[in-house]
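Student: coords below, sequence missing:
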């Protein structure tokens with residue numbers, strides 16, 4: 001009986017050792033068999049029929065387990081086939097990173113050129129990113145401040161509002177936008193501040209009233225930040241729709257959707273000020289006003 005038990009244990013041990021040995025590489029330096037030497041990052045870009053400004057990105061498959069994409073500033077994870085919609089005209093750099101076994105990666109790049117904005121969802125803002133003098137000239141100063149204690153300044157890619165003193169020190173910029181009656185639009189922008197503001201406000205309007213130089217604009221507040229409403233007291237960075245807390249005057253809720261009763265011109269106005277404004281200013285870029 002004891003000999004039989006010893007025999008069975010010996011057979012089992014030989015099986016385990018044989019299994020372990022079979023997992024070892026055939027030659028020194030050959031790896032553990034779980035990592036591939038190379039992965040194919042190639043991909044194709046195909047316009048999607050019947051969809052404006054829409055493209056299908058398809059990854060190569062040679063040793064590829066997963067795909068990571070960057071299209072312009074947007075990033076997408078984990079899809080071998082990705083359909084993208086690009087509502088705004090421009091040149092978009094597409095970077096595809098292919099991932100294989102063992103974490104092996106490689107990447108490839110291509111470009112997509114969009115000739116015109118999508119008619120329904122394209123951005124209606126001109127000079128959206130303040131890239132150069134031509135972009136910056138699309139914005140008009142409201143001239144709400146005459147003592148130099150509040151001002152917007154433009155640098156390549158950004159506009160920054162600085163204010164000091166008391167709450168009467170404020171400044172605004174604006175531009176006109178053509179809208180269609182009954183259509184819903186989304187307003188947004190990238191906002192940031194390196195430090196918070198203990199007593200301030202930053203507000204965005206979209207009204208039918210024509211802005212007048214030197215006159216505070218109050219027609220149809222859409223969104224914003226303010227210490228009174230509880231946001232912006234610390235450093236922040238992100239979409240205004242995500243970090244803001246000021247209520248939409250039309251809905252009495254925090255939101256960035258607007259709709260107008262008449263077709264014609266409205267005015268996108270951004271103004272800010274305060275008694276305790278961040279010394280580093282509030283910076284904006286990528287201002288959007290587009291169909292929902």
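Tutor: Now that the structure is in, tell me what you want to look at. Bear in mind that the values here come from a model prediction, so they are computed numbers and not experimental data. Residues are numbered from 1 along each chain as shown.

Student: close enough to count as contact, residue 223 and residue 257?
Tutor: No. Look at residue 223 against residue 257 with Cβ atoms under 8 Å: they stay out of range, at 9.7 Å. All C-beta spots, glycine's among them, are computed from the backbone N, C-alpha and C.

Student: joint contacts of the two?
Tutor: Common contacts of residue 223 and residue 257 (Cβ atoms under 8 Å, 6 or more residues apart in numbering): residue 248.

Student: between those two, which one's more packed in?
Tutor: residue 223 (25 against 16; other Cβ atoms under 10 Å).

Student: pLDDT score for the nearest residue to residue 120 once chain neighbours are set aside?
Tutor: With Cβ to Cβ, 6 or more residues apart in numbering as the criterion, residue 120 has its nearest non-adjacent residue at 4.7 Å, and that residue is residue 291. Note on residue 291: pLDDT of 96.

Student: Quick check: phi and psi on residue 291?
Tutor: phi -60, psi 140 (degrees, to the nearest 10).

Student: Residue 187 is in contact with that one, correct?
Tutor: No. Residue 291 lies out of contact with residue 187 (Cβ under 8 Å); the separation is 11.3 Å.

Student: between those two, who's got more neighbours?
Tutor: Each of residue 291 and residue 187 has its neighbours counted (other Cβ under 10 Å); residue 187 has more, 25 against 17.

Student: so what's that one up against?
Tutor: Going by Cβ under 8 Å, 6+ apart, residue 187 touches 204, 206, 222-223, 256, 258, 268, 288-289.

Student: low-scoring stretches of the stretch 51-200 of the chain, by residue?
Tutor: 167 (pLDDT under 70).

Student: rerun at 90
Tutor: Scanning the stretch 51-200 of the chain for pLDDT under 90 picks out 61-63, 73, 78-79, 102-103, 146-148, 164-168.

Student: for it, what spans make up the strands?
Tutor: Taking DSSP state E, counting those that start in this stretch, the strands of the stretch 51-200 of the chain run over residues 54-59, 66-71, 74-77, 81-85, 90-99, 105-114, 140-141, 150-155, 158-163, 170-179, 184-193, 199-207.

Student: Rebuild these as TSV, extending it with distance to residue 250.
Tutor: Output for the strands of the stretch 51-200 of the chain, formatted as TSV (distance: least, Cβ to Cβ, whole Å):
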stretch	distance to residue 250
strand 54-59	31
strand 66-71	33
strand 74-77	29
strand 81-85	27
strand 90-99	31
strand 105-114	32
strand 140-141	24
strand 150-155	26
strand 158-163	24
strand 170-179	14
strand 184-193	12
strand 199-207	10
